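Colleague: okay, sequence plus prediction incoming.
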Amino acid sequence: MSNWKATAVSCSNIALIKYWGNRDQALRLPSNPSLSMNLAELTTTTHVEFDPSLTSDVLILDGREVTGSGRARVSRFLDQVRNETSEVSHLFARVESRNNFPAGAGLASSASGFAALAVAASAAAGLTLSEAELSRLARLGSGSACRSVPGGFVEWALGADDQSSYAYSIASADHWDLRDIVALIDVEHKSVGSTEGHAVADTSPLQAARVATAPDRLAQARSAVLGRDFAALADVVERDSLMMHAVMITSSPSLMYWQPATIAIMQAVVQWRANGLAACTTIDAGPNVHVICTAEAAEEVALRLRVIPGVRQVIAARAGGPARLMANL
Ligand code: DP6
């Protein structure tokens, strides 16, 4: 059932084992498998309406109209949906998307954004897709978005091809009360985005070694999550993030996302853990530090992060559920 409109909400996610580099850049077939946790408090809500009166797709992000490359990426994504059904194949869409986290803070919005868009756009087009099909569709918009479609702790296996590369849940959000305490760091200028970063990953000679050893780290992280073993998880999460940044730093051009405060937090958290606090760090394509910790450690971690110079804001998130449709508005 569709009246050509639908609304969906999706959580962002934090990768515990990182996706970096593609074996097919256009199809976003990843070089290595990855594992993430959805973040309940960081969400995107997206409304899609296919409209016969429109002469082009319209994108409104956090209340502002977006044109240029941002809209072109969304239009290319909508083409995938239009290709699936004759009902809307000839119609443009109005897409209104809202993040509940601060814009421009360097928190990933493409993951929650394209997961919510996949769910909303396919429903608006009258398609009934399985979770795997929605995850695969979201992947075409942004690789990490495929991990925001299923709930809780999510694995994105390599897959053999376009059809078989999607993510699935290995444990629900209530399996383990892990927290992500995000330290937002002041940034002076906009850095290179992940799409461009993936494209240069193979220019680093370290990428081949990272990719070859990723399945082992993924297996360690998976069993640490399933066994709720924080010490084992902390070890592999920090190592995996450092391996990705080693690749980034040694790529051409070099991608150095860290700021002084990023390094200060990484070093502090290693000390805190040695002194008994169940916390570890992981960093995406930006200077912000995600401190993964147990529920018991969360308050102490947030208090300590707030007083580190260079930390602008601290946001706490719990494990979140799957992307979902909302009642038609
Ligand atoms: C560092 O999914 O943002 O966050 O597919 O080009 O949109 P695109 O890239 P994206 O890459 C995520 C990179 C990362 C690690 C991760 O989330 O696994």
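Modeller: Cool, got the structure.
Colleague: all contacts plus neighbour counts: C-alpha atoms, from now on.
Modeller: OK.
Colleague: state the distance from the closest residue to residue 110 other than its chain neighbours to residue 13.
Modeller: Spatially, and ignoring its direct neighbours in sequence, residue 110 is nearest to residue 142 (6.2 Å; CA to CA, 6 or more residues apart in numbering). Taking CA to CA, to the nearest Å as the measure, residue 142 falls 12 Å from residue 13.
Colleague: with residue 325 instead?
Modeller: Separation of residue 325 from residue 13 (CA to CA): 18 Å.
Colleague: which one of those two is surrounded by more residues?
Modeller: More crowded of residue 325 and residue 13, by other CA atoms under 10 Å: residue 13, with 32 against 18.
Colleague: next, give phi and psi for the more buried one.
Modeller: For residue 13, the backbone dihedrals are phi -140, psi 160 (criterion: degrees, to the nearest 10).
Colleague: which ones are touching it?
Modeller: Going by CA atoms under 8 Å, 6 or more residues apart in numbering, residue 13 touches 36, 37, 38, 39, 111, 112, 144, 147, 148.
Colleague: format the residues you listed as a markdown table; extra columns: pLDDT.
Modeller: Listed next are the contacts of residue 13 as a markdown table, based on pLDDT from 0 to 100:
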| residue | pLDDT |
| --- | --- |
| 36 | 98 |
| 37 | 98 |
| 38 | 98 |
| 39 | 98 |
| 111 | 96 |
| 112 | 97 |
| 144 | 97 |
| 147 | 98 |
| 148 | 98 |
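Colleague: tell me which of these fall in helices.
Modeller: Using DSSP state H, the members of these that fall within helices are 111, 112.
Colleague: in PyMOL, select just the buried ones from the contacts of residue 13.
Modeller: The PyMOL command for the buried members of the contacts of residue 13 (criterion: 16 or more other CA atoms under 10 Å) is given here:
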select buried, resi 36+37+38+39+111+112+144+147+148
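Colleague: also near the ligand: which of the contacts of residue 13, exactly?
Modeller: Filtering those for proximity to the ligand by CA under 6 Å from any ligand atom leaves residue 144.
Colleague: nearest to the ligand among the contacts of residue 13?
Modeller: residue 144 (3.6 Å; CA to the nearest ligand atom).
Colleague: roughly how far does that closest one sit from residue 267?
Modeller: Distance from residue 144 to residue 267, by CA to CA: 27 Å.
Colleague: residue 264: which element?
Modeller: Assigned by DSSP states H and E, residue 264 falls within helix 260-274.
Colleague: given whichever helix or strand comes after that helix, what are its sheet partners and their directions?
Modeller: Next along the chain after helix 260-274, taking DSSP H and E as the criterion, comes strand 279-282. Paired neighbours of strand 279-282 in the sheet (DSSP bridges): strand 289-294 (antiparallel).
Colleague: and the direction of the strand it pairs with versus that of helix 260-274, what angle?
Modeller: 20 degrees (axes from the mean of the first three to the mean of the last three CA atoms, to 10 degrees).
Colleague: how many residues are close by residue 234?
Modeller: 23.
Colleague: so who does the residue nearest to it when sequence neighbours are not counted touch?
Modeller: Nearest non-adjacent residue to residue 234, counting by CA to CA, 6+ apart: residue 280, 5.3 Å away. By CA under 8 Å, 6+ apart, the contact list for residue 280 reads 234, 235, 237, 238, 269, 270, 273, 291, 292, 293.
Colleague: OK, contacts around the fifth one?
Modeller: Residue 269 is in contact with 279, 280, 281, counting by CA under 8 Å, 6+ apart.
Colleague: returning to that earlier point: residue 309: which of the contacts of residue 280 is nearest?
Modeller: residue 269 (14.5 Å; CA to CA).
Colleague: count the neighbours of residue 277 for me.
Modeller: Neighbour tally, residue 277, other CA under 10 Å: 18.
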